[in-house]
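1. okay, predicted coordinates and the sequence, questions at the end:
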Amino acid sequence: MSKEKKHFIEHIENYKPYWGRFLMAAPSPAERFPFLAELIKLLSEKNKFLRILEIGSYAGASAVTIASSIKKYNNGNGKIICIDPWCFSPAVNLQKNTFFDTNDIDIASYTYEDMFHHNIKASKCDDLIQPIKGFSGDILPILKENYFDLIYIDGDHSYDGFLNDLKLSHSLLKEGGFICGDDLDIAFPGILQAIFKFFDKNVSDYLGFWCQKKSATNWLDINNLSGQENWILDLINKDSYIESAIRDFNKILETNQWTKIIIYGGGKHTKRLFTQFDLNNVINADVVGIIDDNQSITEVAGIPVEHSFDIDADVVLISSDNYEEKLIKLMLNKKKNIPVYGLYSQILINE
Ligand SMILES: C[S@@+](CC[C@H](N)C(=O)[O-])C[C@H]1O[C@@H](n2cnc3c(N)ncnc32)[C@H](O)[C@@H]1O
């Protein structure tokens, strides 16, 4: 059984949100999501209740980002309507062949619609989310005008389909509301062209995330989003998530009979592992070293931090949430023959 398959089954069975590679559930590119979260924060300063419309929800990453942000910034006061036909399957065959045995009909028949429902429930966001199964062209005309505070468009990426979504969304958005979306990117010429046609100008672009504010007379740019609102942090930094991630890591240590660990990352996350989660006593292995590239970090929870990668160990534990992917790659480049485990994504790379 492939690692990704185990990872997938484990998340589905234990009711944890799954943002892995099967069915391309991983949100991509994740660095755009903080801007979406930041718009929710801005809206929360002026609105007691937020009404959001999402066109194109796929496996739920953007919907969960919006819902988590409403919980964080607006005391959970809001509702998100998610429109998607959930009827396409370009990813299914590809992923089935890549990750699953051909006889795994039970799992291979799991759809991205199933994944959406799993993820919004497992992230405890389903209370704010109302899915409507259908095409935007059919649903938008029956929604209430001047009603939504934010419309996020990430459905049909063709010129005609996307332009139609922009046109239909216009009258649904309240004055002062935000219209925004994903993939303002050369890979999607239809989106670039439709945006230019609709707004008649270049619009604010944040790493491919775009947004405009509706005023009485025209569309306004938003020029000051910082992108610091970290949706991943919000989703996974909860104590219960980390406790279960440590337990899972311990099972992996026991199964492989690994007894020596190096931790990569000498920041606040690692400190928390020792001070709050008592890592030394919870896992059945020894932390033989903590490594960080930053020379100014000298210790974590009383343990010296090293800047050399020569330490010998059975596995490297990556301890950083939003830089996890980057650190995994760096570590694999530096120490080619050692397994690497990402605590937050719970992915083991052992090649
Ligand atoms: C890029 S994915 C959305 C990703 C999602 N917003 C996220 O970031 O997590 C595009 C989605 O749009 C949906 N879609 C395609 N055409 C659509 C349409 N006309 N109306 C609504 N959704 C559509 C697809 O089924 C697919 O789930």
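-> Noted; the coordinates are in hand.
2. mind giving me the domain ranges of this structure?
-> 3-232, 239-349 (automatic domain parsing).
3. need those in JSON lines (columns: distance to the ligand, mean pLDDT and mean neighbour count).
-> Yep, even glycine has a C-beta here, placed from its N, CA and C like the rest. Output for those, formatted as JSON lines (distance: least, Cβ to the nearest ligand atom, whole Å; pLDDT from 0 to 100; neighbours: other Cβ atoms under 10 Å):
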{"stretch": "domain 3-232", "distance to the ligand": "3", "mean pLDDT": "87", "mean neighbour count": "18"}
{"stretch": "domain 239-349", "distance to the ligand": "16", "mean pLDDT": "87", "mean neighbour count": "17"}
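4. list the contacts for the residue nearest to Ser169 when sequence neighbours are not counted?
-> Using Cβ to Cβ, 6 or more residues apart in numbering and skipping residues adjacent in sequence, the residue nearest Ser169 is Ile151, 4.7 Å away. If you count contacts by Cβ atoms under 8 Å, 6 or more residues apart in numbering, Ile151 has them with Ile52, Leu53, Glu54, Ile55, Ser169, Leu172, Leu173, Gly177, Phe178, Ile179, Cys180.
5. where along the stretch 251-351 of the chain do the helices fall?
-> 268-275, 279-282, 324-334 (DSSP state H, counting those that start in this stretch).
6. in TSV: the ones you listed, plus distance to Ile186.
-> Listed next are the helices of the stretch 251-351 of the chain as TSV, based on distance: least, Cβ to Cβ, whole Å:
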stretch	distance to Ile186
helix 268-275	35
helix 279-282	44
helix 324-334	23
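7. so Gly177 sits in a strand?
-> Yes. Counting by DSSP: H, G, I helix; E, B strand; the rest coil, Gly177 is found in a strand.
8. go ahead and confirm it touches Lys214.
-> Yes. With contact defined as Cβ atoms under 8 Å, Gly177 counts as touching Lys214 (5.3 Å).
9. my read: Leu39 touches Phe178, true?
-> Yes. The criterion here is Cβ under 8 Å, and Leu39 meets it with Phe178 at 5.1 Å.
10. which stretches of the stretch 101-250 of the chain form strands?
-> 129-133, 148-153, 173-181, 204-206, 209-214, 219-221 (DSSP state E, counting those that start in this stretch).
11. mutual contacts of Leu39 and Phe178, please.
-> Both Leu39 and Phe178 are contacted by Leu150, Cys211, Ile222, under the criterion Cβ under 8 Å, 6+ apart.
12. got a list of what the last one touches?
-> Under the criterion of Cβ under 8 Å, 6+ apart, the contact partners of Ile222 comprise Leu39, Phe178, Ser204, Cys211, Gln212, Lys213.
13. without its sequence neighbours, what residue ends up closest to the fifth one?
-> Pointing back at Gln212 there. Distances taken as Cβ to Cβ, 6+ apart place Trp219 nearest to Gln212, at 4.3 Å, with adjacent residues excluded.
14. how about the one you found, what does it touch?
-> Trp219 touches Ile179, Phe199, Lys201, Val203, Gln212, Lys213, counting by Cβ under 8 Å, 6+ apart.
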